[in-house]
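> curious how this folds, go ahead:
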Amino acid sequence: MVKETIVKGFKMGLDIPDLSQIYIPRRRRGSGARKKEHPLSMSKVADILIQFSQSFPNTEPEKINKTHKRNRPSTTMTKKHKKKAKQNKYPSIPDIPVAMRDRIVEMGGYGIRLVIQKQLQDTDLNKNHGRLSLPRQKLLFDFATEEERKLLSKQENKNKKGMNVVIMDDVFEERMICLKKWKIGSGDVYCLMTYWNSFVEETRLKSGQYIQVWCFRKDDEFQASRLCFAMVKLPPC
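Prediction:
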């Protein structure tokens, strides 16, 4: 019993006194016959220790939660990322406007296909750059024929050789523009340049605006299967 009490006292973090130092008063000697003194029994000592331990508040050791909780991103951060992702991607891929398709067919165009849908960047509208970049890895398909790719890979006076193509704006006006292909990093990039700055001003293109570039072919008196483009400005999403 005493051992269990002492062990319990140590577990609760109590300061157990040295039993040998406990002062136990003795009875005074009377005038009568000398009485024999008896030491305290172990049960009495146990009662004293129990009373001593009960005088302290119950300080049961706090349980440690060893369960590891994974840090989760805050709700604010998650919403911010979702908002950013929504801004960088147009919600759908609309078909070419019917009026534009009819105009292409009317002028003898055929093989109408979507080349790319992209958001215009500052670099696309920078007058010093003067070009619309069409990264080949982002195209829905490579619109150039094998013969045209060979032509665009050639150099002329240390510059990449280009080819004249037709581009139609959203009000069906046609212009001539130069197409070139550059090697940037590990990928090829088609660029619409030469008169691109004029095209931007006349069509009032803005950074952040979404556009579609469609391609088609048409035969004329100068060239069979001439490569042509049509640009569609998409409404704000």
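> now for residue 156, how many residues are close by?
For residue 156, the count of nearby residues is 8 (other C-beta atoms under 10 Å). Where C-beta positions appear, they are placed from N, C-alpha and C, glycine not excepted.
> which stretches of the protein form strands?
Along the chain, counting by DSSP state E, strands occupy 109-119, 131-135, 155-156, 159-160, 163-168, 174-184, 187-193, 210-218, 226-233.
> of all those strands, which lies closest to residue 96?
Closest to residue 96 of the strands of the chain, according to C-beta to C-beta: strand 210-218, at 5.6 Å.
> which stretches of the protein have low pLDDT?
Residues of the chain meeting the criterion pLDDT under 70: 1-46, 48-88.
> how about 90 then?
Within the chain, the segments meeting pLDDT under 90 span 1-91, 153-161, 182-188, 194, 220-225, 236-237.
> for it, which segments count as helices?
2-11, 42-54, 75-87, 98-106, 122-125, 146-153, 196-203 (DSSP state H).
> so what sits opposite residue 184 in the bridge?
residue 187 (DSSP bridges).
> how many neighbours does it have?
11.
> show the contacting residues for residue 132.
Listed by C-beta atoms under 8 Å, 6 or more residues apart in numbering, the contact set of residue 132 reads 124, 191-193, 196, 213.
> out of these, which is nearest to residue 223?
Comparing the contacts of residue 132 against residue 223 with C-beta to C-beta places residue 192 closest, at 18.0 Å.
> which residue is the nearest non-sequential neighbour of the closest one?
Residue nearest to residue 192 in three dimensions, not counting chain neighbours: residue 132, with 4.4 Å by C-beta to C-beta, 6 or more residues apart in numbering.
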